[in-house]
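Chemist: could you look at this predicted model? Sequence included:
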Amino acid sequence: MEGAADRIDAPLVLALHGQGMSAEALARLFEPLFSLPLRFVLPTAPLQSRGGRYDGPSWYDYDGDQSRFLAGLQRT
C-alpha cells in the first residue's frame, strides 16, 4: 500500500470490511491514515454473497437460518 510504513516494527492495523464491501473500498476510507507510520492489512473475505441484502465479499453466510450460520462460521 502506498504510503504505508516500511519499518517492520511499525504498529499494525488489521481492518476487516463489512459484508458486501471490498477491501479496496475499505482502503479508500483508510487513505487519510496512510501517511501515518503504520502498517495496514486489509484482507478480502473468502466467501461471495449473492442474491441477498449484501452482494459481494463476505466473512460468513447468513440467510436467517441460525444453524446454517453457525456451521458457516465454523468453516470460515
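Modeler: It's in.

Chemist: show the model's pLDDT score for D55.
Modeler: Note on D55: pLDDT of 79.

Chemist: please tell me how far it sits from S49.
Modeler: 6 Å (C-beta to C-beta, to the nearest Å). All C-beta atoms are positioned from the backbone trio N, CA, C, and that covers glycine.

Chemist: now do the shared contacts for those two.
Modeler: Listed contacts common to D55 and S49 are G20; contacts here mean C-beta atoms under 8 Å, 6 or more residues apart in numbering.

Chemist: comparing these two, which residue is more hemmed in?
Modeler: S49 (19 against 12; other C-beta atoms under 10 Å).

Chemist: quick check: longest helix in this structure by residues?
Modeler: The residue-count maximum for a helix in the chain (DSSP state H) belongs to helix 66-75.

Chemist: what residues of it count as buried?
Modeler: G72 (16 or more other C-beta atoms under 10 Å).

Chemist: any idea which element the closest residue to R68 other than its chain neighbours lies in?
Modeler: Counting by C-beta to C-beta, 6 or more residues apart in numbering, D61 is the residue found nearest to R68 once chain neighbours are left out, at 6.7 Å. For D61, there is no host helix or strand (DSSP states H and E).

Chemist: next one: Y54
Modeler: Applying DSSP H and E, one finds Y54 in no helix or strand.

Chemist: tell me the contacts of it?
Modeler: Contacts of Y54 by C-beta under 8 Å, 6+ apart are 18-20.

Chemist: buried subset of those residues?
Modeler: Buried among the contacts of Y54 (16+ other C-beta under 10 Å): 19-20.

Chemist: in JSON lines: the contacts of Y54, plus distance to V41 and pLDDT.
Modeler: Formatted as JSON lines, these follow (distance: C-beta to C-beta, whole Å; pLDDT from 0 to 100):
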{"residue": "G18", "distance to V41": "16", "pLDDT": "82"}
{"residue": "Q19", "distance to V41": "19", "pLDDT": "78"}
{"residue": "G20", "distance to V41": "20", "pLDDT": "81"}
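
Chemist: narrow the contacts of Y54 to those in helices?
Modeler: Among the contacts of Y54, no member lies in helices (by DSSP H).

Chemist: quick check, nearest of the contacts of Y54 to L73?
Modeler: Among the contacts of Y54, Q19 lies closest to L73 (C-beta to C-beta), at 13.1 Å.
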